[in-house]
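Q: Dropping the sequence and predicted coords here.
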Amino acid sequence: MRIADVVFSKGNTGFFFDDQRAIKSGLGHDGFVYVGEAVTPGFTQVRQAGESVSVMLVLEDGQIAVGDCAAVQYSGAGGRDPLFLADTYIPFLRQHIAPMLIGRELGTFREMAREFDALEFEGHRLHTAVRYGLSQALLEAVAKAHHCLMAEVIAAEYGLPLIAEPVPIFAQSGDDRYTNVDKMILKGADVLPHALINAIEGKLGRHGEDLQAYVSWLSERIRTLRPVEAYNPCLHIDCYGTIALIFDNDPREMAAYLATLEKAAKPFQLYIEGPMDMGERQAQIDALAALRAELERQQVGVRIVADEWCNTYEDVVAFTDAKCCHMVQIKTPDLGSLHNTAEAVLYCKKHGMEAYQGGTCNETDISARACVHVALGVRSERLLAKPGMGFDEGYMVVRNEMNRTIAMLQHKKG
């Protein structure tokens, strides 16, 4: 099967680009926007509309395979690629990438994904968003050429059994961390609520008191509202490095504080993502390792999750080999091509690290659906519901795609 043509279109993502460095300085809100000036290169304001580029591969039999180039909400932060703007990249794609695709005979997903992931122009690799979108389109193209599901392509190319069972879905609340929790409980989300604890004032508290109160409320709310007694979700809260800020990155004090959160969370297992942000990879690994050791010394059962500075396949390997945390977030747009996500999950599973296949609220329905198939193919420990920060929409996209795929797999087995 050949690629007959390529079409690109500008699109919106499910959320916004936010200047994380500016927000961490303590900016206030004016309605939905932040008050203050952007500081990260490429941003014209602290919060601006998210953008995507759809890559549409027209196959010679008339079928169309689609992938969406999209970047994370906090672009340009934590060692990530810069802001991804459609008007900047569509001309580049038409000039340089389209000629490499038109007339091409489809090979395997892995070989094509690796080829484009390694491409360099003027000494630089393609933006992670471009590699991400191209790989989605190539994955769907291979699936359409073989008249199968994308999950079947992933499982077959990596020699894995394809299990027709769901992967746990992690729901994110955005700033509406109370109302959205009620929705999550009623819909039976497997992991919740993310909570967006990205500031000290009003979210964490100068002594951690606000987050502690929130976790207590969260545990009580689940036990009050859960439709069945057997509903036992994991709690997973992203703290964006703020915990280290109030405890001067002292692992003993941080571990003692996490012990109070563990008590507040009972009877539910608590994961804390991003307890610190040390500004570069090795320092982040060392700080997480010190905290993990202190948690074990104090016999605290909270599990810590790496996020910042764990952006590439190589980063995932480094964090996993160091055994500095209990789980790593494999943030799909940051890894570029989806084959990197698949291989990062498999590396984690092989080496005893929990693999959270994440991403961002700033993706699209197309990229979210492709990620479902990767997660089912490689069996990630959990998968982020995306895009958006409203919970319902992203959860619907991911849950329904997962259920449709499982139903089709069961149908094929007869």
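A: Okay, I see it.
Q: What residues sit buried inside the least confident helix or strand in the chain by mean pLDDT?
A: Among the helical and strand segments of the chain, the one scoring lowest on mean pLDDT, DSSP states H and E is helix 20-24, with a mean of 81. Using 16 or more other C-beta atoms under 10 Å as the test for burial, helix 20-24 gives 20-24. Using the backbone N, CA and C atoms, a C-beta is placed for each residue, glycine as well.
Q: so which of the residues you listed comes closest to Ile64?
A: Set against Ile64, the nearest of these by C-beta to C-beta is Gln20 (35.7 Å).
Q: Distance of the closest one relative to Asp81?
A: 14 Å (C-beta to C-beta, to the nearest Å).
Q: Please report how far Phe170 lies from Ala145.
A: With C-beta to C-beta as the criterion, Phe170 and Ala145 are 32 Å apart.
Q: Which one's more surrounded, those two?
A: Remark: of Phe170 and Ala145, Phe170 carries more neighbours, 28 against 19, as counted by other C-beta atoms under 10 Å.
Q: Please name the nearest non-neighbouring residue to the residue positioned nearest the centre of the chain.
A: By C-alpha atoms, centre = their mean, the chain has its centre lying nearest to Gly359, at 1.7 Å. Closest residue in space to Gly359, ignoring its immediate chain neighbours: Thr332 at 4.3 Å, by C-beta to C-beta, 6 or more residues apart in numbering.
Q: What of Ser9?
A: If the residues on either side of it in the chain are set aside, Ser9 comes closest to Ser54, at 4.6 Å by C-beta to C-beta, 6+ apart.
Q: just checking, the one you found is part of a strand?
A: Yes - checked against DSSP: H, G, I helix; E, B strand; the rest coil, Ser54 lies within a strand.
Q: Does it touch Ala129 like I think?
A: No - using C-beta atoms under 8 Å, Ser54 is not in contact with Ala129; the gap is 11.8 Å.
Q: which neighbours do those two share?
A: Shared between the contact lists of Ser54 and Ala129 (criterion: C-beta atoms under 8 Å, 6 or more residues apart in numbering) are residues Cys69.
Q: For these two, indicate the residue with more neighbours.
A: More crowded of Ser54 and Ala129, by other C-beta under 10 Å: Ala129, with 29 against 21.
Q: Can you give me the pLDDT of that one?
A: The per-residue pLDDT reported for Ala129 equals 97.
Q: which element is it on?
A: Ala129 is part of helix 128-145, with elements assigned from DSSP states H and E.
Q: How far does stretch 329-346 sit from its chain's centre?
A: With C-alpha atoms, centre = their mean, to the nearest Å as the basis, stretch 329-346 stands 9 Å off its chain's centre.
Q: Quick one: end-to-end length of it, please.
A: Stretch 329-346 has an end-to-end distance of 13 Å (C-alpha to C-alpha, to the nearest Å).
Q: Return the set of buried residues in it.
A: For stretch 329-346, by 16+ other C-beta under 10 Å, it's 329-346.
Q: Which ones among the residues you listed map onto helices?
A: 338-346 (DSSP state H).
Q: closest to Thr320 among those residues?
A: For those, the nearest to Thr320 is Ala344 (8.6 Å; C-beta to C-beta).
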